[in-house]
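> Quick one, fold the following:
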Amino acid sequence: SSSSSSRAHSSNNTRNTHHKTQTPRRRPCKWTDSLHSHHPLLLFLLHYLFCSFTRSFLVFVAGTQNPLLNYNPIHKRVLHFEHEKNMAGRPNPMSMMRPGIILLKEGTDTSQGKAQLISNINACQSIVDAVRTTLGPRGMDKLIVDDRGNATISNDGATIMKLLDVVHPAGRTLVDIAKSQDAEVGDGTTSVVLLAGEFLRECKPFIEEGVHPQIIIRSFRQAVSVAIEKIKEIAVTLDKKNPDKLRELLQRCAATTLSSKLVAYQKDFFSKLVVDAVMMLDEHLPLHMIGMKKVQGGSLEDSLLVDGVAFKKTFSYAGFEMQPKRYEKSKIALLNVELELKREKENAEIRVTNVEEYQKIVDAEWDILYDKLQKIKDSGAKVVLSKLPIGDVATQWFADRDMFCAGRVADDDLQRTLRSCGGAIQTSVNGMTPDTLGYCDLFEERQIGAERFNFFSGCPKSKSCTIIMRGGAEQFIEETERSLHDAIMIVRRAIKNDAVVAGGGAIEMELSKHLRGFARTIAGKHQLLINAYAKALEVIPRQLCENAGLDGTNILNRLRHKHSQEGGMWFGVDIFNEDIADNFLATVWEPAIVRINALTAATEAACLLLSVDETVKNQASSVAGAQAQHGGHPGMPTLQQAAARGRGRAMMPRR
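Here you go, the predicted structure:
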């Protein structure tokens, strides 16, 4: 009994021990139990969504910590990964959870595809419409006022394109080709812009119908090569062996250029003046050796050409009026030396103990100046020209010795004097020899209008000239200068490239006929595109008719009929008789290089715009470009921004 009682007691202790160490049982949940028992699939789906969300959040946090991804939530444009595929060809779920990579900053404007290409073409059409009415002898002028209030009246295409201040990225291409045409040949700036715009207009329907731009580009390049070959084939070569006949032909080319300018009624006078000016140059025909000076007052026929150098009287001191104003067979000293007492530098310090030492310093300065003046006089020069100032002491010293001096002479005027009179520009008066001096038969100072000019004529090495233009308003004289510049460029090109073609739309109509015939030998889309290129060339005679108030449709039909016949190759628009005429017999000529360069530049510009499939425009860079275009530094604040910022305002923290 004792053993049984002890055994029972130990078993009770054991149960009590097990009861104390056992974990308490979980309270049952009716919702989860019902899901386990009745909806196991729904519970599995909730569990999967929770795990997926947790994994995506962790990957997102890891992406923000990775410097290679450079994630920034303020950026707009995100490049998403495509659904990568694994080895079995199924989508990889990990690629779907990768974060986006930021490429462009906030505010960046992007456009691509057919829509942005059409948008670029429409922008170019707007620019073309701005200069369309300036083409031809009856073209209208444009009055452009800049941000400073300066007014410019002109019908020159390059001048108008420069002053329009185009900000559209595609439209700037037309500005560039106008500038290149003006720098290369001088004329045809309006024509090249019109041709480029018309090429884009003709290819616009093909782009809307889904033709690939590269097909259009290949067709246009083929068409322009065929057109250039045709121009070289039919161009008429000038006879350079007969100087009189060559001069007459050059005057006709210059008159054709001036017929569409503001000085059209004086084209005979200015064409002769321009040809004479170009023939005075050396064989390289440097443009900067023709000086052009403007003097208000008088009429256009009062303009004159100086065989040599003429420039406006420079700033002078009181002793200048005592100097002689006329020399015959005089020697000229060309200097780059300052002939006045030099002021000490700000940090210079001279300590003297008595008045005698101070007087010695003053006398030394005067002795240095007088020594320079004496050396110039001993060289035998009667006329002294210097780029640097000539002071009142030196002016009076030269006047006392019957010598003429002029300081602060412009560099281009001094260079033209050097080319005409000979000699060399000296930077020191030491060692001046006779071969360093220039020479002219006659030097005189004359009054022209309200200005006084220094004339150097009878120069033995004269390879330069000066055109002094007269006129009424300042804008009128400036437009005259631009017109003469175009005529000078045309004459220079006609001398270097001795081939001319008929103007007035004759060469464009002949090229259009030739390209239409060439297109019949080609099959496929290229035939349609070359026909569109040929049709675009007719914009020149059509616009000439519209600007003159003629019926463009009737004139073009008659020109097509005439060019299809034998001997009608040079027929073009006759503005003055409101009819068609043989413009080659009417001496409406222009160098062939003008048409070749215009076609090449216009085609290249059209192909360049057609090859653009995406436009990315950064707002910040546009602001910087506008600042640079108005003379500011890109990235630097404007004057208004700097004034608004204030002196004591703290700097903004860098983001």
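> where exactly do the helices run in the stretch 251-400 of the chain?
267-279, 355-378, 392-400 (DSSP state H, counting those that start in this stretch).
> Can you lay out those helices as TSV showing mean neighbour count and mean pLDDT?
Quick note: C-beta positions are derived from backbone N, CA and C, even for glycine. Shown next, in TSV, are those (neighbours: other C-beta atoms under 10 Å; pLDDT from 0 to 100):
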stretch	mean neighbour count	mean pLDDT
helix 267-279	21	92
helix 355-378	13	87
helix 392-400	19	90
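> Among the ones you listed, which comes closest to Met322?
Among the helices of the stretch 251-400 of the chain, the nearest to Met322 by C-beta to C-beta is helix 392-400 (3.9 Å).
> Which strands or helices does the next helix or strand after the closest one pack on?
Tracing the chain C-terminally past helix 392-400 and defining elements by DSSP states H and E, one meets strand 404-406 next. Using 3 or more C-beta pairs under 8 Å, 6 or more residues apart in numbering; DSSP states H and E, the elements in contact with strand 404-406 are strand 383-386, helix 392-400.
> Might you list the low-confidence residue ranges for this protein?
In the predicted model of the chain, residues 1-41, 43, 55-112, 343-348, 619-655 satisfy pLDDT under 70.
> The most centrally placed residue in it sits in which helix or strand?
The centre of the chain sits closest to Asp176, judged by C-alpha atoms, centre = their mean, with a distance of 4.9 Å. For Asp176, the element it lies in under DSSP H and E is helix 171-184.
> which helices and strands sit right next to that helix?
helix 114-131, helix 157-163, helix 189-208, helix 592-610.
> Let's have these in CSV, adding distance to Ser379.
Output for these, formatted as CSV (distance: least, C-beta to C-beta, whole Å):
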stretch, distance to Ser379
helix 114-131, 55
helix 157-163, 46
helix 189-208, 49
helix 592-610, 47
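> So for Ala227, which of these sits nearest?
When these are compared by C-beta to C-beta, helix 592-610 sits nearest Ala227, at 5.8 Å.
> after the closest one comes which helix or strand?
Proceeding N to C from helix 592-610, the next assigned helix or strand is strand 614-617, under DSSP H and E.
> out of the helices of the stretch 251-400 of the chain, which comes closest to Glu566?
Here helix 267-279 is closest among the helices of the stretch 251-400 of the chain (C-beta to C-beta), at 32.7 Å.
> just how off-centre is the closest one within its chain?
Distance of helix 267-279 from the chain centroid (C-alpha atoms, centre = their mean, to the nearest Å) equals 29 Å.
> going forward can the numbers begin at 444, since that is how I track them
OK, 444 is where the count begins now, so the last one is helix 710-722.
> Please name every helix or strand in contact with that helix.
On a contact count with 3+ C-beta pairs under 8 Å, 6+ apart, helix 710-722 meets helix 686-701, strand 747-749, strand 908-914, helix 917-939.
> at 10 Å what do you get?
helix 686-701, strand 733-739, strand 747-749, strand 908-914, helix 917-939 (3 or more C-beta pairs under 10 Å, 6 or more residues apart in numbering; DSSP states H and E).
> Single out the most deeply packed of the ones you listed.
Highest mean neighbour count of these: strand 908-914, a mean of 23 (counted as mean count of other C-beta atoms under 10 Å).
> for that strand, the distance to its chain's centre please.
Averaging C-alpha positions (C-alpha atoms, centre = their mean) puts strand 908-914 28 Å from its chain's average.
> name the helices or strands packed onto that strand?
Counting contacts by 3+ C-beta pairs under 10 Å, 6+ apart, strand 908-914 is packed against helix 710-722, strand 733-739, strand 747-749, strand 751-755, helix 854-864, strand 894-900, helix 917-939.
> and it, C-alpha only, in PDB?
Taking Å, rounded to 0.1, in the frame of the first residue of the first chain, the C-alpha atoms of strand 908-914 are listed here in PDB:
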ATOM      1  CA  CYS A 908      39.500 101.300-103.400                       C
ATOM      2  CA  THR A 909      36.900 103.100-101.400                       C
ATOM      3  CA  ILE A 910      33.200 103.700-102.200                       C
ATOM      4  CA  ILE A 911      31.600 106.700-100.600                       C
ATOM      5  CA  MET A 912      27.900 106.400-100.600                       C
ATOM      6  CA  ARG A 913      25.500 109.400-100.400                       C
ATOM      7  CA  GLY A 914      21.800 109.400 -99.600                       C
END
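> Report the angle between that strand and helix 854-864.
130 degrees (axes from the mean of the first three to the mean of the last three C-alpha atoms, to 10 degrees).
> Need the helices and strands packed on helix 710-722 in JSON lines (columns: distance to Phe1027).
Conversion of those to JSON lines gives the following (distance: least, C-beta to C-beta, whole Å):
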{"stretch": "helix 686-701", "distance to Phe1027": "10"}
{"stretch": "strand 733-739", "distance to Phe1027": "29"}
{"stretch": "strand 747-749", "distance to Phe1027": "29"}
{"stretch": "strand 908-914", "distance to Phe1027": "30"}
{"stretch": "helix 917-939", "distance to Phe1027": "15"}
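> And the strands in the stretch 944-1093 of the chain?
All strands of the stretch 944-1093 of the chain, identified by DSSP state E, counting those that start in this stretch, fall at 1014-1017, 1022-1025, 1032-1034, 1057-1060.
> ok, and what's touching the first one?
The contact list for strand 1014-1017, computed with C-beta atoms under 10 Å, 6 or more residues apart in numbering, reads 579-580, 945-953, 983-988, 991, 993, 995, 998-999, 1001-1002, 1004-1006, 1008, 1022-1029, 1031.
> how does it look with 6 Å?
947-949, 984, 987-988, 1005, 1023-1026 (C-beta atoms under 6 Å, 6 or more residues apart in numbering).
> which neighbours does that strand have in its sheet, and in what orientation?
Strand pairing for strand 1014-1017, using DSSP bridges, gives strand 1022-1025 (antiparallel).
> what about the strand it pairs with, distance to the chain center?
How far strand 1022-1025 lies from its chain's middle: 37 Å, per C-alpha atoms, centre = their mean.
> Just the residues contacting it, thanks.
With C-beta under 6 Å, 6+ apart as the test, strand 1022-1025 has contacts from 1001-1002, 1013-1014, 1017.
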